[in-house]
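J.: model this:
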Amino acid sequence: MPSAAPLMGTWELRRGTEGIGSFTDYAPGNGRLLKFSNENKYDRYEGNQLTESGTFHLTSEKSGNNNKRVNLIRLGDSQMRDKFAVVNDTLSLSTYPYDDNGNMIMDGGTTRYVRISE
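T.: Residues are numbered from 1 along each chain as shown. Down below sits the predicted model:
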């Protein structure tokens with residue numbers, strides 16, 4: 001199971017992609033935050049207003065494409081999971097192409113966050 005330690009702290013959204021080739025860049029100070037804390041708790045903010053709170057769950061499994069292990073995160077009770085990677089001060093989340101039942105998810109996206117200090 002992947003460690004939660006690299007996720008701990010506050011992350012601000014910098015880029016969101018949806019569909020093929022469509023993306024939005026977000027300026028610093030935009031207030032779109034993900035906060036990860038002890039006991040696998042997370043909070044999501046839009047415009048600095050709390051919009052979602054819950055528990056996150058980490059797993060890893062072999063990817064169907066190349067049989068390499070991928071780290072996965074589930075926020076709250078969602079049936080969807082995201083692949084995640086932390087490199088330096090950047091957190092990338094990408095929709096994992098399968099739900100819990102093995103059904104393929106046809107639409108998804110990728111978001112990129114930057115760690116910020118408060």
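
J.: and the next element down the chain from the host helix or strand of Leu50?
T.: With elements taken from DSSP states H and E, the one containing Leu50 is strand 49-62. As assigned by DSSP H and E, the chain's next helix or strand after strand 49-62 is strand 69-75.

J.: that next one vs strand 49-62, what angle?
T.: Between strand 69-75 and strand 49-62, the angle comes out at 150 degrees (axes from the mean of the first three to the mean of the last three CA atoms, to 10 degrees).

J.: low-confidence ranges, the chain, go.
T.: 18-21, 64-65, 97-101, 103-107 (pLDDT under 70).

J.: who touches the strand holding Leu50?
T.: With contacts defined as CB atoms under 8 Å, 6 or more residues apart in numbering, strand 49-62 is touched by 1-4, 7, 31, 36, 39-45, 68-77, 81. Using the backbone N, CA and C atoms, a C-beta is placed for each residue, glycine as well.

J.: sheet partners, orientation included, of it?
T.: Sheet pairing of strand 49-62 (DSSP bridges) gives strand 41-46 (antiparallel), strand 69-75 (antiparallel).

J.: winner for burial among those strands?
T.: strand 69-75 (a mean of 18; mean count of other CB atoms under 10 Å).

J.: after it, which helix or strand is next?
T.: Later in the chain than strand 69-75, the nearest helix or strand by DSSP H and E is strand 82-87.

J.: for that next one, packing partners?
T.: Where contact means 3 or more CB pairs under 8 Å, 6 or more residues apart in numbering; DSSP states H and E, strand 82-87 is packed against strand 69-75, strand 90-95.

J.: output those as CSV; include the columns distance to Thr51.
T.: Formatted as CSV, the helices and strands packed on strand 82-87 follow (distance: least, CB to CB, whole Å):
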stretch, distance to Thr51
strand 69-75, 12
strand 90-95, 16
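
J.: nearest to Tyr113, out of these?
T.: Comparing those against Tyr113 with CB to CB, the closest turns out to be strand 90-95 (4.3 Å).

J.: please consider this matter closed, and thank you.
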